[in-house]
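Engineer: Pasting the sequence and the predicted coordinates here, then a few questions.
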Amino acid sequence: MKLRFAALSFAVLLLLACMAGCAASVGKDAADTTMDSGYYYSDNEINGAGVTSDSAPEEAETDSDTAGSALASDSILPATGDLSTDRKIIRNAWIELETKEFDASVAELQALVEELGGYISQANVSVYNSRYELHSANYTVRIPAENFDQFLSYRENLGTVSSTNIWTDDVTDSYFDMEARLESLETKRTRLLELLEQAEDMESIIALESALSDTVYEIESLTGSLRLLDNQIAYSTIDVYLNEVRETTEPVALPKTFGERISQQFRDTLQGMADFGENLVIWVVGASPVLVILAVIVALVLVFVKRSAPRRAVRREEKALKNAEAIAQWRASHAQTSAVTQKAAEQKVGEQKASSDEKSDE
């Protein structure tokens, strides 16, 4: 009985030992698998690969310590700075300036572009105000991308900045996509050349040459597009609009208090009066030829009027005498008519009185 119990106990202990050993082995395999996959993932992330490689598992098996340190460190994820160095960015700007000294500003612009290693790709200069001979210019400037910010920081030396617009184009995806397509086309061209050397019948030769021609055309097109993008990335484009003005537009703070508003209005009134006086003087001087002609005409008219004044006075006296005689004649005729009428009225009154006296005597 004791032997049976001892044998049973030994068997149980042996079974438990086997189960513990298997569990330890499974745990170790799981840990090794996790470490290998983690290292493999980190390696892909660091190298920027999107597909697995055959060498990664071997490296994981031969260098597990390095894998563990890679998992424990922050180098698994790529740094922002590393990403930014691989980005393909096109930077552009649009600047509008005002200046009182147009020639000096143009010279300063040319000197700045030359100093920063750029060049002026296009320039248009015109006179937009013929009265005051004010110029306007549009310059398209190409500046090395590393000097883009430096050029913008110097823009106030060219004149008074009216407005600035800066924008960027991220062409990273399209750039690398074109590179991948170009590499694939290069491989295709090499393969077509090999097949063309091995071709024997004319039909195959014609088909291969046609395919090779299309491939070469696509390669040249992609190469030109990549070259254009490289130029735009390496040299930023800045459009500079330069306007010559009599007075630059200065920023003015809006008045807030009642006193500030009165002071601002008073200054504006004085400035308006000064501008009106200045414009009046300019107009008088500018219109002096016409004013001189008008003055001569007015002087001739005055001389003519002055010389004809005595004759006009005589005619006025003669006319006055005629009017007086006419009035006298009218008054005389009117007085005579009045006397006759009065006499007739008195006679009629007398007759009526006599008639009434006769009737009273009867």
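Structural biologist: That came through fine.

Engineer: what about stretch 334-350, distance to the chain center?
Structural biologist: Averaging C-alpha positions (C-alpha atoms, centre = their mean, to the nearest Å) puts stretch 334-350 104 Å from its chain's average.

Engineer: Quick one: neighbours of residue 317, just the number.
Structural biologist: Residue 317 sits with 9 neighbouring residues when counted by other C-beta atoms under 10 Å. C-beta: built from backbone N, CA, C; applies to glycine.

Engineer: oh sorry, the question was meant for residue 185
Structural biologist: The number of residues packed near residue 185 is 20, by other C-beta under 10 Å.

Engineer: go on, residue 184?
Structural biologist: Residues lying near residue 184 (other C-beta under 10 Å) number 13.

Engineer: Sticking with it, tell me its helix or strand.
Structural biologist: helix 172-198 (DSSP states H and E).

Engineer: Helix 172-198 and the following helix or strand past that helix, what's the angle between them?
Structural biologist: Proceeding N to C from helix 172-198, the next assigned helix or strand is helix 202-234, under DSSP H and E. Orientation check (axes from the mean of the first three to the mean of the last three C-alpha atoms, to 10 degrees): helix 202-234 against helix 172-198 gives 150 degrees.

Engineer: Begin at 8 from now on, thanks
Structural biologist: Understood, numbering begins at 8; the last thing we discussed is helix 209-241.

Engineer: Could you check helix 209-241 and say which residues are buried?
Structural biologist: 215, 218, 219, 222, 225, 226, 229, 233, 236, 239, 240 (16 or more other C-beta atoms under 10 Å).

Engineer: Tell me which residues touch the first one, please.
Structural biologist: Listed by C-beta atoms under 8 Å, 6 or more residues apart in numbering, the contact partners of residue 215 are 199, 202, 203, 206.

Engineer: Could you double-check that the last one lies in contact with residue 212?
Structural biologist: Think residue 206. Yes - at 4.9 Å, residue 206 counts as touching residue 212 under the criterion of C-beta atoms under 8 Å.

Engineer: And for residue 112, the neighbour number?
Structural biologist: If you count neighbours by other C-beta under 10 Å, residue 112 ends up with 23.

Engineer: now it, nearest residue through space, not along the chain?
Structural biologist: Leaving aside its sequence neighbours, residue 112 sits nearest to residue 106 (C-beta to C-beta, 6 or more residues apart in numbering; 4.2 Å).

Engineer: neighbours of the one you found, just the number please.
Structural biologist: Residue 106 has 20 neighbours, counted by other C-beta under 10 Å.

Engineer: Distance check, it against residue 249.
Structural biologist: The spacing between residue 106 and residue 249, counted by C-beta to C-beta, to the nearest Å, is 6 Å.

Engineer: What of residue 134?
Structural biologist: Per C-beta to C-beta, residue 134 is found 13 Å from residue 249.

Engineer: Of the two, which one has the most company?
Structural biologist: The neighbour comparison of residue 134 against residue 249 (other C-beta under 10 Å) goes to residue 249, with 21 against 12.

Engineer: ok, what's across the strand from the more buried one?
Structural biologist: residue 104, residue 144 (DSSP bridges).

Engineer: what's the overlap in contacts for residue 106 and residue 249?
Structural biologist: Contacts common to residue 106 and residue 249, judged by C-beta under 8 Å, 6+ apart, are 112, 165, 166.

Engineer: Between those residues, which sits nearest residue 149?
Structural biologist: Set against residue 149, the nearest of these by C-beta to C-beta is residue 165 (16.5 Å).

Engineer: isn't that closest one right next to residue 118, touching?
Structural biologist: No - the pair residue 165 / residue 118 is not scored as a contact, 10.2 Å apart, by C-beta under 8 Å.

Engineer: Those two: who's more crowded?
Structural biologist: Neighbours per residue (other C-beta under 10 Å) separate residue 165 from residue 118, with residue 165 holding more: 20 against 11.

Engineer: Name all residues that make contact with that one.
Structural biologist: 104, 106, 112, 115, 116, 119, 247, 249.

Engineer: Which of the helices or strands spans the fifth one?
Structural biologist: Assigned by DSSP H and E, residue 116 falls within helix 109-122.

Engineer: Whichever helix or strand comes after that helix vs helix 109-122, what angle?
Structural biologist: Once helix 109-122 ends, the next helix or strand along the chain (criterion: DSSP H and E) is strand 126-136. Note on geometry: by the same axes, to 10 degrees, strand 126-136 and helix 109-122 are set 170 degrees apart in direction.

Engineer: phi, psi of residue 96?
Structural biologist: Main-chain torsions, residue 96, degrees, to the nearest 10: phi -120, psi 130.

Engineer: That one and residue 175 touch, don't they?
Structural biologist: Yes - between residue 96 and residue 175 there is a contact at 5.5 Å, judged by C-beta under 8 Å.

Engineer: what are the ranges of the strands in the stretch 258-369 of the chain?
Structural biologist: Using DSSP state E, counting those that start in this stretch, the strands of the stretch 258-369 of the chain do not appear at all; there are none.

Engineer: Any stretches of the stretch 258-369 of the chain with poor pLDDT?
Structural biologist: 258-260, 262, 346-347, 364-369 (pLDDT under 70).

Engineer: try the stretch 58-207 of the chain
Structural biologist: When residues are selected by pLDDT under 70, those of the stretch 58-207 of the chain lie in 58-92, 137-139.

Engineer: distance of the spatially closest residue to residue 233 that is not a sequence neighbour from residue 237?
Structural biologist: The shortest distance from residue 233 to any non-neighbouring residue, by C-beta to C-beta, 6+ apart, is to residue 185 (5.6 Å). Counting by C-beta to C-beta, the gap from residue 185 to residue 237 is 11 Å.
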